[in-house]
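Asker: Predicted model follows, preceded by the sequence.
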Amino acid sequence: MIQRSPAIAVLSQSQNREIPRGPSFRRGFCTLALVTFVTLAASFGTSASAQSKPTATRAGDLQIGAGFVFARSAYNFTPIHLIGAAGYATFDIRNHWGAEFDFHHTRSSADSTVYERTYEIGPRIFLPRGRFIPYAKVLVGRGVYNFSNNVANVAYNIYTFGGGADFQVTRSINVRADYEYQNWAGFPLGTLHPSVATIGVAYHFHE
(Lines give C-alpha, C1' and ligand atoms only; values in the text may rest on other atoms or scores of the structure.)
Protein backbone atom coordinates (compact mmCIF):
# COMPACT_ATOMS: atom_id res chain seq x y z
CA MET A 1 0.00 0.00 0.00
CA ILE A 2 1.37 3.41 -1.00
CA GLN A 3 1.91 5.75 1.97
CA ARG A 4 0.21 9.13 1.70
CA SER A 5 2.44 12.16 2.02
CA PRO A 6 1.97 15.94 2.42
CA ALA A 7 2.05 16.22 -1.37
CA ILE A 8 -1.32 14.43 -1.45
CA ALA A 9 -2.94 17.41 0.29
CA VAL A 10 -1.99 19.55 -2.68
CA LEU A 11 -3.08 16.94 -5.20
CA SER A 12 -6.46 16.49 -3.52
CA GLN A 13 -7.35 20.00 -4.69
CA SER A 14 -7.75 18.54 -8.17
CA GLN A 15 -10.90 16.77 -6.87
CA ASN A 16 -10.14 13.65 -8.85
CA ARG A 17 -9.84 15.51 -12.15
CA GLU A 18 -7.04 15.58 -14.69
CA ILE A 19 -5.14 18.86 -14.82
CA PRO A 20 -5.78 20.60 -18.19
CA ARG A 21 -2.94 20.40 -20.63
CA GLY A 22 -0.78 23.52 -20.63
CA PRO A 23 -0.45 25.66 -23.76
CA SER A 24 3.29 24.99 -24.01
CA PHE A 25 2.71 21.24 -24.12
CA ARG A 26 -0.10 21.61 -26.64
CA ARG A 27 2.13 23.70 -28.91
CA GLY A 28 4.99 21.20 -28.69
CA PHE A 29 2.75 18.18 -29.20
CA CYS A 30 0.90 19.78 -32.10
CA THR A 31 4.24 20.76 -33.69
CA LEU A 32 5.51 17.17 -33.46
CA ALA A 33 2.25 15.80 -34.84
CA LEU A 34 2.32 18.34 -37.70
CA VAL A 35 5.94 17.52 -38.59
CA THR A 36 5.14 13.80 -38.56
CA PHE A 37 2.05 14.35 -40.75
CA VAL A 38 3.88 16.56 -43.24
CA THR A 39 6.74 14.07 -43.48
CA LEU A 40 4.37 11.17 -44.08
CA ALA A 41 2.38 13.21 -46.61
CA ALA A 42 5.54 14.16 -48.49
CA SER A 43 6.65 10.55 -48.54
CA PHE A 44 3.24 9.46 -49.81
CA GLY A 45 3.33 12.10 -52.53
CA THR A 46 6.77 10.96 -53.66
CA SER A 47 5.58 7.37 -53.79
CA ALA A 48 2.41 8.31 -55.68
CA SER A 49 4.38 10.19 -58.33
CA ALA A 50 6.49 7.09 -58.87
CA GLN A 51 3.53 4.84 -59.68
CA SER A 52 4.23 5.20 -63.41
CA LYS A 53 7.36 3.13 -62.90
CA PRO A 54 7.07 -0.68 -62.75
CA THR A 55 9.22 -0.76 -59.62
CA ALA A 56 7.13 1.81 -57.70
CA THR A 57 6.83 1.19 -53.96
CA ARG A 58 4.16 2.13 -51.41
CA ALA A 59 4.40 5.12 -49.06
CA GLY A 60 5.40 3.21 -45.94
CA ASP A 61 5.32 0.09 -43.83
CA LEU A 62 2.59 -0.21 -41.15
CA GLN A 63 2.08 -2.52 -38.19
CA ILE A 64 -0.51 -2.36 -35.39
CA GLY A 65 -0.18 -4.42 -32.23
CA ALA A 66 -1.09 -4.99 -28.59
CA GLY A 67 0.63 -6.60 -25.65
CA PHE A 68 1.10 -7.25 -21.94
CA VAL A 69 2.99 -4.73 -19.80
CA PHE A 70 5.15 -5.22 -16.71
CA ALA A 71 6.37 -2.01 -15.06
CA ARG A 72 8.25 -0.78 -12.04
CA SER A 73 7.56 2.70 -10.70
CA ALA A 74 7.73 4.52 -7.35
CA TYR A 75 5.94 7.12 -5.27
CA ASN A 76 7.20 8.78 -2.09
CA PHE A 77 10.35 6.63 -2.45
CA THR A 78 8.25 3.45 -2.27
CA PRO A 79 8.65 0.96 -5.19
CA ILE A 80 5.48 0.06 -7.06
CA HIS A 81 5.06 -2.93 -9.37
CA LEU A 82 2.42 -2.61 -12.08
CA ILE A 83 0.89 -4.83 -14.74
CA GLY A 84 -1.40 -3.97 -17.62
CA ALA A 85 -1.86 -3.71 -21.36
CA ALA A 86 -0.42 -1.77 -24.29
CA GLY A 87 -1.31 -0.79 -27.82
CA TYR A 88 1.18 0.40 -30.41
CA ALA A 89 1.55 1.29 -34.06
CA THR A 90 4.61 1.94 -36.22
CA PHE A 91 4.76 3.52 -39.66
CA ASP A 92 8.16 3.27 -41.35
CA ILE A 93 8.65 5.63 -44.29
CA ARG A 94 12.32 4.87 -45.00
CA ASN A 95 14.54 1.79 -44.82
CA HIS A 96 15.82 2.63 -41.34
CA TRP A 97 13.48 5.14 -39.74
CA GLY A 98 9.83 5.91 -39.11
CA ALA A 99 7.34 6.91 -36.41
CA GLU A 100 5.73 5.14 -33.46
CA PHE A 101 2.65 5.66 -31.28
CA ASP A 102 2.37 3.90 -27.90
CA PHE A 103 -0.41 3.58 -25.33
CA HIS A 104 0.06 1.95 -21.91
CA HIS A 105 -2.33 1.36 -19.02
CA THR A 106 -0.87 -0.29 -15.93
CA ARG A 107 -2.27 -0.84 -12.44
CA SER A 108 -0.48 -1.47 -9.15
CA SER A 109 -0.43 -5.12 -8.10
CA ALA A 110 -0.63 -4.06 -4.43
CA ASP A 111 -3.19 -1.22 -4.60
CA SER A 112 -5.84 -1.46 -7.32
CA THR A 113 -6.68 2.26 -7.01
CA VAL A 114 -3.23 3.26 -8.31
CA TYR A 115 -2.67 3.28 -12.06
CA GLU A 116 -0.46 4.93 -14.70
CA ARG A 117 -1.71 5.65 -18.23
CA THR A 118 0.44 7.07 -21.03
CA TYR A 119 0.01 8.35 -24.60
CA GLU A 120 3.26 8.82 -26.56
CA ILE A 121 4.42 9.55 -30.10
CA GLY A 122 7.80 10.10 -31.74
CA PRO A 123 10.49 8.95 -34.21
CA ARG A 124 12.21 5.57 -34.25
CA ILE A 125 15.23 4.09 -36.01
CA PHE A 126 15.64 0.38 -36.84
CA LEU A 127 18.17 -1.95 -38.45
CA PRO A 128 16.64 -5.07 -40.07
CA ARG A 129 18.69 -8.26 -39.73
CA GLY A 130 16.68 -10.83 -41.63
CA ARG A 131 13.55 -11.50 -39.58
CA PHE A 132 15.06 -9.78 -36.54
CA ILE A 133 14.47 -6.00 -36.40
CA PRO A 134 16.09 -4.17 -33.45
CA TYR A 135 15.07 -0.53 -32.96
CA ALA A 136 15.44 2.55 -30.75
CA LYS A 137 12.92 5.34 -30.17
CA VAL A 138 12.41 8.73 -28.51
CA LEU A 139 8.83 9.61 -27.59
CA VAL A 140 6.95 12.52 -26.01
CA GLY A 141 3.41 12.63 -24.70
CA ARG A 142 1.13 12.72 -21.71
CA GLY A 143 0.93 10.54 -18.61
CA VAL A 144 -1.98 10.25 -16.16
CA TYR A 145 -1.35 9.10 -12.56
CA ASN A 146 -4.23 8.00 -10.34
CA PHE A 147 -3.17 8.27 -6.70
CA SER A 148 -4.03 5.85 -3.88
CA ASN A 149 -7.68 5.74 -2.81
CA ASN A 150 -8.54 7.94 -5.83
CA VAL A 151 -7.46 11.04 -3.91
CA ALA A 152 -6.29 12.68 -7.16
CA ASN A 153 -6.04 11.98 -10.88
CA VAL A 154 -3.31 14.18 -12.40
CA ALA A 155 -1.80 14.50 -15.89
CA TYR A 156 1.89 15.25 -16.60
CA ASN A 157 4.11 15.87 -19.61
CA ILE A 158 6.41 12.91 -20.26
CA TYR A 159 9.35 11.99 -22.48
CA THR A 160 10.71 8.51 -23.07
CA PHE A 161 13.83 6.72 -24.28
CA GLY A 162 13.28 3.16 -25.38
CA GLY A 163 14.10 0.29 -27.66
CA GLY A 164 13.58 -3.36 -28.37
CA ALA A 165 13.12 -5.74 -31.26
CA ASP A 166 10.41 -7.05 -33.55
CA PHE A 167 10.63 -10.59 -34.91
CA GLN A 168 8.81 -11.57 -38.10
CA VAL A 169 7.06 -14.86 -37.31
CA THR A 170 5.21 -14.82 -40.63
CA ARG A 171 4.80 -12.27 -43.39
CA SER A 172 1.83 -10.76 -41.52
CA ILE A 173 2.66 -11.37 -37.83
CA ASN A 174 5.42 -9.78 -35.75
CA VAL A 175 6.17 -10.39 -32.08
CA ARG A 176 7.84 -7.69 -29.98
CA ALA A 177 9.96 -7.26 -26.87
CA ASP A 178 10.06 -3.57 -25.86
CA TYR A 179 11.56 -1.50 -23.03
CA GLU A 180 10.90 2.15 -22.10
CA TYR A 181 12.46 4.45 -19.51
CA GLN A 182 9.87 7.16 -18.92
CA ASN A 183 10.34 10.60 -17.36
CA TRP A 184 7.29 12.32 -15.84
CA ALA A 185 8.08 16.02 -15.44
CA GLY A 186 6.74 17.94 -12.44
CA PHE A 187 5.74 14.88 -10.45
CA PRO A 188 5.44 15.48 -6.65
CA LEU A 189 8.55 14.65 -4.60
CA GLY A 190 10.69 14.52 -7.75
CA THR A 191 10.42 13.34 -11.37
CA LEU A 192 8.79 9.93 -11.80
CA HIS A 193 10.89 7.40 -13.76
CA PRO A 194 8.87 4.25 -14.57
CA SER A 195 10.61 1.33 -16.26
CA VAL A 196 8.14 -0.34 -18.64
CA ALA A 197 8.56 -3.70 -20.42
CA THR A 198 6.11 -4.89 -23.08
CA ILE A 199 5.63 -8.25 -24.81
CA GLY A 200 3.40 -7.79 -27.85
CA VAL A 201 2.05 -9.19 -31.11
CA ALA A 202 1.36 -7.04 -34.18
CA TYR A 203 -0.31 -7.42 -37.55
CA HIS A 204 1.99 -6.29 -40.36
CA PHE A 205 0.17 -4.82 -43.35
CA HIS A 206 1.81 -5.69 -46.65
CA GLU A 207 1.09 -5.54 -50.37
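Answerer: Done, it's in. Residues are numbered from 1 along each chain as shown.

Asker: pLDDT weak spots in this protein?
Answerer: For the chain, the stretches with pLDDT under 70 are 1-58, 207.

Asker: All the helices of it, residue numbers only.
Answerer: Ranges of helices in the chain, per DSSP state H, are 6-11, 23-49.

Asker: So what's the residue count around V144?
Answerer: 18 (other Cβ atoms under 10 Å). In short, each C-beta sits where N, CA and C put it, glycine included.

Asker: so what's it closest to, chain neighbours aside?
Answerer: Nearest in space to V144, with sequence neighbours left out and distances taken as Cβ to Cβ, 6 or more residues apart in numbering, is R117 at 4.4 Å.

Asker: for the one you found, what are its contacts?
Answerer: R117 is in contact with F103, H104, H105, T106, G143, V144, N146, counting by Cβ atoms under 8 Å, 6 or more residues apart in numbering.

Asker: farthest-separated two in the residues you listed?
Answerer: The largest distance within the contacts of R117, taken as Cβ to Cβ, falls between F103 and N146 and amounts to 15.8 Å.

Asker: which non-adjacent residue is nearest I64?
Answerer: That would be A89: by Cβ to Cβ, 6+ apart, it lies 4.7 Å from I64.

Asker: Can you get me a residue count around the one you found?
Answerer: Under the neighbour criterion other Cβ under 10 Å, A89 is assigned a count of 15.

Asker: show me what contacts the residue nearest the centre of the chain?
Answerer: Centroid check for the chain by Cα atoms, centre = their mean gives D102 as the closest residue, at 3.0 Å. The neighbours of D102, taking Cβ under 8 Å, 6+ apart as the test, are A86, G87, Y88, T118, Y119, E120, I121, L139, G141, E180.

Asker: now the residues you listed as a markdown table including neighbour count and distance to H96?
Answerer: Below are the contacts of D102 laid out as a markdown table (neighbours: other Cβ atoms under 10 Å; distance: Cβ to Cβ, whole Å):
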| residue | neighbour count | distance to H96 |
| --- | --- | --- |
| A86 | 24 | 24 |
| G87 | 16 | 24 |
| Y88 | 20 | 19 |
| T118 | 25 | 26 |
| Y119 | 17 | 26 |
| E120 | 23 | 21 |
| I121 | 18 | 19 |
| L139 | 23 | 18 |
| G141 | 21 | 23 |
| E180 | 24 | 20 |
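
Asker: beta partners of the residue nearest to the centre of the chain?
Answerer: Beta bridges link D102 to Y88, E120 when assigned by DSSP bridges.
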